Structures are given as structure tokens and as C-alpha cells.
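A.B. asks: Give me a 3D structure for the following:
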Amino acid sequence: MSAADVLLQDLLSGDATRIHASASRVAVTFDHALLDALAPHADRIERACAGVTLGGALLANQVHLQAALQRLRYWQAQAGCLCALTPKYLFFDPRKLIAQGQMQLLTVGDAEDGWGECHHVACTQCGQHWEATDREYHYPWWEWKAA
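C.D. replies: Purely as a prediction, here's the structure:
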């Protein structure tokens, strides 16, 4: 069974734990084969997850499912480079994207406001420059701005 098949089964399962884990993975994937396989099922996934409470303490875990669905629909519409979605999801860690080869590190410095570290990066697919600032409150998150 392929990774896409496993993720699709999880997303259609009605099980909050499986949906949350798989949606979190899909929300940050740049894997073209995975996106090609899952994108046609976005509406089906959304229907299967309707009414499933995903929990979450400070932030509703529903954000992971919404980000995954947005990513699948964006990919299916061929709306542009996937890096355009980074500002819409708080959990894109530029260090992971650099390690995956999706972003190239340009510089690292302090955030303009003095709160957090700012990674200046460029998308390796389209060349778009970004500022990704490490923000933390009750959990780590990243603020992305086009540079």
C-alpha cells in the first residue's frame, strides 16, 4: 500500500487521532506524487471529516485539516508554487524546509521587533524570498512574510 493510500485511509477514517496526524503531514508536504494522488479526493476528505471533533487545547486541531485541504485544492488547481501557502499555516519550520531542499538559507538574524529569530530564505522552486520568524507563545510557530 502506498503512502498516499495510507494517508487517504486515515483521512477518511472518522478517527480524530488518525485524521489529525495525517492532515498535519499533508499540510506541509511538497511531495508531488503524494499531492497528485490525494488532491482529487479533497472534497471526499472534507465530507468524511465533517462533524469529527479533532480537539486541541490552545489552537483547534481543525487548522491542520483545513491547511491540508487548502494545500490539496491549491495543488489540484495548479495555482502556483506551494511556497505561497507558507504564510497561511503556522507550522512551516524553515529549518525543516531547508533540510528538505525546499528553501535555501540566505541569512539568520534577530526579528525586527526583537522577539524571535528570523530566517531569510528563498524557495528553491520559484526563487521567492521569505522572512520566517520564530514566534513562541504556548507552542512554537512561525510567522512568514514575503520579502
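
A.B. asks: what about the strands in this protein?
C.D. replies: Secondary structure of the chain (DSSP state E): strands located at 103-110, 117-123, 129-136, 140-146.

A.B. asks: Columns distance to Leu8 and mean pLDDT on top of those, output as JSON lines?
C.D. replies: All C-beta spots, glycine's among them, are computed from the backbone N, C-alpha and C. Shown next, in JSON lines, are those (distance: least, Cβ to Cβ, whole Å; pLDDT from 0 to 100):
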{"stretch": "strand 103-110", "distance to Leu8": "28", "mean pLDDT": "93"}
{"stretch": "strand 117-123", "distance to Leu8": "27", "mean pLDDT": "94"}
{"stretch": "strand 129-136", "distance to Leu8": "30", "mean pLDDT": "90"}
{"stretch": "strand 140-146", "distance to Leu8": "28", "mean pLDDT": "89"}
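
A.B. asks: contacts for stretch 99-110?
C.D. replies: 30, 83, 94, 97-98, 116-125, 129-130 (Cβ atoms under 8 Å, 6 or more residues apart in numbering).

A.B. asks: Pull out the buried residues from it.
C.D. replies: Neighbour-count burial for stretch 99-110 flags 102-103 (criterion: 16 or more other Cβ atoms under 10 Å).
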